[in-house]
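Chemist: Let's see this in three dimensions:
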Amino acid sequence: MKNFYIHSTGGMMEYMAENMDLPLHQKALSAKTGMNSQKTQNISQKAAGADPWCGGLPVEKIKGVSERIVKPLHHLGIRTVRDLLLTAPFRYDDFSHTTTIARAQPNETATIRGSIIALDALRTWKKKMHITEATVEDASGSMKAVWYNQPFLARTLAVGKTVNLSGRVDADHVMQNPAYEVVGVRNDTTHTGRLVPVYRETRGLTSRWLRYLVKNALGFAATMDDVLQPEMLKRLGLPGMRDAIPHIHFPRTKEEAERAKKRLAFEELFLLQLLILQARAAIRHAAATSVPFDLAFVKDFVSKLSFRLTDAQRAAAWEIVQDMEKQTPMNRLLEGDVGSGKTVVAALAASNAAMRGWQCAFMAPTEILARQHFETFSKMCGHFPIRIGLLTASGAYVFDADLKTSYKIAKSELVKKISDGSLHILIGTHALIADSIVFPKLALVVLDEQHRFGVAQRAALVRKNELGIRNDEGKENSIIPHLLSMTATPIPRTLTLALYGDLDISLLKEMPKDRKKIETSIVAPGGRAKAYAFMREQVGKGRQAFVICPRIEISGGETPRNIVLAQVKTVKAEYEKLSKEVFPDLRIAMLHGKMKPKEKEQVMKDFKDGKTDILVSTSVVEVGVDVPNASVMAIEGAERFGLAQLHQFRGRVGRAEHQSYCLLFTQSAALEENRRLKAMITSNDGFALAEKDLAIRGPGDLLGGRQSGLPDLVMASLTDAALIKSAREEALGLLARDPQLLKSPKLRERLAEFNAKIHFE
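Modeler: Okay, here's the model as predicted:
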């Protein structure tokens, strides 16, 4: 965490001065949690004196943090003592049931305590497996414990030592791979005999090791100043930070853990709401270009479309052009299901600005989608004197409205056309934010699938107006463009309130009337041959098919590179099977993330032009381009995807008059999984499916999990509508009394640190 320091109370400074003897408040904490705090600090007086609030100390100062585990800690986002203390467990192993060996029942999870009377280290000859066996005895009897591939236990444990063992007792009265702990004189347990915290792990750093480090750092919790006001905590019935920290890591009861988790989650939700509300206030005080609504042009634009706008599209377009007439910047999210027609709404708004002499930048996440939007805009705007450009890493193109055609030009020429204002609408990928691109009259920025872009990319594009427009004194003007974000991921109301409170939202919940409902089927392993025959039948009728391959389990670490490589391997295997065994007579192509942009573009172009019958693709490659002739979406390993993502895939077909189909191939025989997939059959409403996904899988499935940048506690709490509402109400009340948080300097510091952590825009 960056630039975040909170001054301590006097207790920790006294602790430094008195030869590391525990201060009274820390002793009280130790007694309260039942922990041995004699070893909770291992920092030098010199290091501690560098920062009066010890939570800001580097995590390396904690006892047990060796050079070997610094990198894994940093990988988990743990750089300071505070980071460590705020790393909450994602679950607890309940080892609190303590019993004697004789009373331990088969299939029961229990903790037993005894002395080791025998210890053997074995190695199987055939599988080369290390086996450690221990016999433990108490007054009631003896029990055997067995560990596999943990040879170090033969050195850690020893005959005569008293140990706790926690785990499931099998039918032979043996514990397999139990949690273990050598019990000292103080009878202080960390890994057994209690609710044991389980943390998110990474290579080289286990939950057991993290428990040890957290316990060593717990003494610092007593120095943590609470940024939430005591009256607020009392009003909400939440514990203070100094109680919440030890209780979330080593709770005595589940209820205590839940209260602590709720307290910490509330603080982060509260900070998030403060940022959102402050951003909204800042936007209201910023200046933007007023773009008058040209009613005659809009009527002409709509009349020349080859389809009729839905009522939802008309309402959204009206909200957008009304916003753009204001002299404060629009900040609107256009949220619509797959195929609901967001692009035409954006094209109407951009064209209205272009006809008034202003410019629009439209940024798409991939070259394939950028090219599709270029083609779509060219068709819709081709009847008007609107000049449109396309800029990607592969090249630059311009649509000539007079000639009704597009042509390739040098990137330098396109840059000139943007700079002199002769190009009205520029569509592209992140190439749009290059330093050489300067818009002299940028009035509107449109982000397609805005969550796919990093914050720095979004901010750089929005600032393009500031770079291009100068006032009479030659200084940069504070005028910023209107911003329209688009997403095809239906977002439940709870998430909308929590994450998009700074945005005005337009919903497209109405589908074009000529769209046929996509017929969806679950294909069990036994139905695969029949499904393949159906796909062949569709191709025989002149249609085409997508085959999406799932993400597989990753070995060797969850890195982006490993994920991509694993998916590529899956796609290649599926391509080989379909092209050589199942459909050797059909034209099959594959698409994956390791291909060069030009290769991907050519594959998609061939598919769109009907030169390919079946396209096999990964789930990470954007295949959401319009291929009206595609009528089958086959999804391998459908149980691996969330409902929202399955619905996104399904929306890639059914874009023309042809009846379309979605085949959900599953390897799972689990009734629960198929019951979940059956929701895809009964519902075509993306918003309803998103609500189910939120309840079943949590918000990570909708927001991209760790890619969202939000802390784990926030992510885990996004299903708690009541907590979100409370956080928002408290944030509103505080900002109404103290808009700049001048009366809460510690909260301001914490907010700045939180902002830096999540990169809130």
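Chemist: What ranges in the protein fall below the confidence cut-off?
Modeler: Across the chain, the ranges flagged by pLDDT under 70 are 1-55, 127, 185, 450-478, 514, 551-569, 620-625, 668-673, 697-710, 759-761.
Chemist: What residues of the longest helix that it contains count as buried?
Modeler: Ranked by residue count, the top helix of the chain under DSSP state H comes out as helix 254-285. By neighbour count on 16 or more other Cβ atoms under 10 Å, the buried set for helix 254-285 is 256-257, 259-279, 283. Where you see a C-beta, it was placed from the backbone N, CA and C, and this is true even at glycine.
Chemist: One more: stretch 62-80?
Modeler: 62, 65, 69, 72, 73, 76, 77, 78, 79, 80.
Chemist: got those as JSON lines, with secondary structure and distance to residue 106 columns?
Modeler: Putting the buried residues of stretch 62-80 into JSON lines (DSSP: H, G, I helix; E, B strand; the rest coil; distance: Cβ to Cβ, whole Å) gives the following:
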{"residue": "62", "secondary structure": "coil", "distance to residue 106": "41"}
{"residue": "65", "secondary structure": "coil", "distance to residue 106": "41"}
{"residue": "69", "secondary structure": "helix", "distance to residue 106": "38"}
{"residue": "72", "secondary structure": "helix", "distance to residue 106": "38"}
{"residue": "73", "secondary structure": "helix", "distance to residue 106": "40"}
{"residue": "76", "secondary structure": "coil", "distance to residue 106": "37"}
{"residue": "77", "secondary structure": "coil", "distance to residue 106": "42"}
{"residue": "78", "secondary structure": "coil", "distance to residue 106": "40"}
{"residue": "79", "secondary structure": "coil", "distance to residue 106": "46"}
{"residue": "80", "secondary structure": "strand", "distance to residue 106": "46"}
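Chemist: can I get those residues in TSV with distance to residue 631?
Modeler: Below are those laid out as TSV (distance: Cβ to Cβ, whole Å):
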residue	distance to residue 631
62	60
65	58
69	54
72	48
73	51
76	46
77	45
78	50
79	52
80	55
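Chemist: and which of these is nearest residue 506?
Modeler: Nearest to residue 506, judged by Cβ to Cβ, of the buried residues of stretch 62-80 is residue 77 at 35.0 Å.
Chemist: In which helix or strand does the nearest residue to the closest one once chain neighbours are set aside reside?
Modeler: In this structure, residue 77 finds its nearest non-sequential neighbour in residue 83, 6.3 Å apart by Cβ to Cβ, 6 or more residues apart in numbering. Using DSSP states H and E, residue 83 maps to helix 81-85.
Chemist: Skip ahead from that helix and say which helix or strand is next.
Modeler: Later in the chain than helix 81-85, the nearest helix or strand by DSSP H and E is strand 91-94.
Chemist: centre of the chain versus that next one, how much separation?
Modeler: Relative to the mean C-alpha coordinate of its chain, strand 91-94 is positioned 24 Å out (Cα atoms, centre = their mean, to the nearest Å).
Chemist: before we move on, what about stretch 181-196?
Modeler: So, by Cα atoms, centre = their mean, the centroid of stretch 181-196 is 36 Å from its chain's centroid.
Chemist: and it, how far apart are its ends?
Modeler: End-to-end distance for stretch 181-196: 12 Å, by Cα to Cα, to the nearest Å.
Chemist: in it, what counts as buried?
Modeler: Going by neighbour count (16+ other Cβ under 10 Å), the buried part of stretch 181-196 is 181, 183, 188, 189, 190, 191, 192, 193, 194, 195, 196.
Chemist: which of these sit farthest apart?
Modeler: Longest span within those, Cβ to Cβ: 183 and 195, 17.6 Å.
Chemist: could you pull out the helices for the stretch 351-500 of the chain?
Modeler: 367-381, 411-419, 455-462, 464-468, 493-499 (DSSP state H, counting those that start in this stretch).
Chemist: and the ones you listed as TSV, adding distance to residue 598 and mean neighbour count?
Modeler: TSV is the format used below for those (distance: least, Cβ to Cβ, whole Å; neighbours: other Cβ atoms under 10 Å):
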stretch	distance to residue 598	mean neighbour count
helix 367-381	9	22
helix 411-419	15	16
helix 455-462	22	17
helix 464-468	27	20
helix 493-499	36	19
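Chemist: so what does the longest strand seen in the chain touch, helix or strand wise?
Modeler: Looking across the chain with DSSP state E, the single longest strand is strand 109-123. If you count contacts as 3 or more Cβ pairs under 8 Å, 6 or more residues apart in numbering; DSSP states H and E, strand 109-123 packs onto strand 130-138, strand 141-148, helix 153-156, strand 162-168.
Chemist: residues making contact with that strand?
Modeler: Residues from elsewhere that reach strand 109-123 (Cβ atoms under 8 Å, 6 or more residues apart in numbering): 94-101, 104, 129-138, 142-143, 151, 153-154, 157-169, 183, 192-193.
Chemist: 7 Å - rerun?
Modeler: Residues outside strand 109-123 that contact it (Cβ atoms under 7 Å, 6 or more residues apart in numbering) are 94-95, 97-101, 104, 129-138, 142-143, 151, 154, 157-169, 183, 192-193.
Chemist: Taking those residues, please make a ChimeraX selection of just the buried ones.
Modeler: In ChimeraX, a selection of the buried entries from the contacts of strand 109-123 looks like this (16+ other Cβ under 10 Å):
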select :95,99,101,104,130,132,133,134,135,136,138,143,154,157,162,163,164,165,166,167,169,183,192,193
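Chemist: could I get the helices and strands packed on strand 109-123 as TSV with distance to residue 297?
Modeler: Listed next are the helices and strands packed on strand 109-123 as TSV, based on distance: least, Cβ to Cβ, whole Å:
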stretch	distance to residue 297
strand 130-138	77
strand 141-148	74
helix 153-156	78
strand 162-168	72
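Chemist: who wins for proximity to residue 595 among these?
Modeler: Distance to residue 595, taken as Cβ to Cβ, is lowest for strand 141-148 among the helices and strands packed on strand 109-123, at 41.8 Å.
Chemist: for the helix holding residue 83, packing partners?
Modeler: Counting contacts by 3 or more Cβ pairs under 7 Å, 6 or more residues apart in numbering; DSSP states H and E, helix 81-85 packs against helix 207-217.
Chemist: how about the following helix or strand past the helix it packs on: buried residues?
Modeler: As assigned by DSSP H and E, the chain's next helix or strand after helix 207-217 is helix 230-236. Burial within helix 230-236, assessed by neighbour count using 16+ other Cβ under 10 Å, is assigned to 232, 233, 236.
Chemist: cool, stretch 291-307 as well?
Modeler: Applying 16+ other Cβ under 10 Å to stretch 291-307 flags 291, 294, 297, 298, 301 as buried.
Chemist: hang on, the earlier thing: closest one to residue 535 among the helices and strands packed on strand 109-123?
Modeler: Across those, residue 535 has its closest neighbour in strand 141-148 (44.7 Å, Cβ to Cβ).
Chemist: got the buried residues for the closest one?
Modeler: 143, 145, 146, 147.
Chemist: by how many degrees do it and strand 130-138 diverge?
Modeler: Interaxial angle of strand 141-148 relative to strand 130-138 (axes from the mean of the first three to the mean of the last three Cα atoms, to 10 degrees): 160 degrees.
Chemist: Parallel or antiparallel, list what pairs with strand 141-148.
Modeler: Applying DSSP bridges to the sheet, strand 141-148 is found paired with strand 130-138 (antiparallel), strand 174-176 (parallel).
Chemist: Let me have the ones you listed in TSV, extended by distance to residue 737.
Modeler: Output for the strands paired with strand 141-148, formatted as TSV (distance: least, Cβ to Cβ, whole Å):
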stretch	distance to residue 737
strand 130-138	61
strand 174-176	57
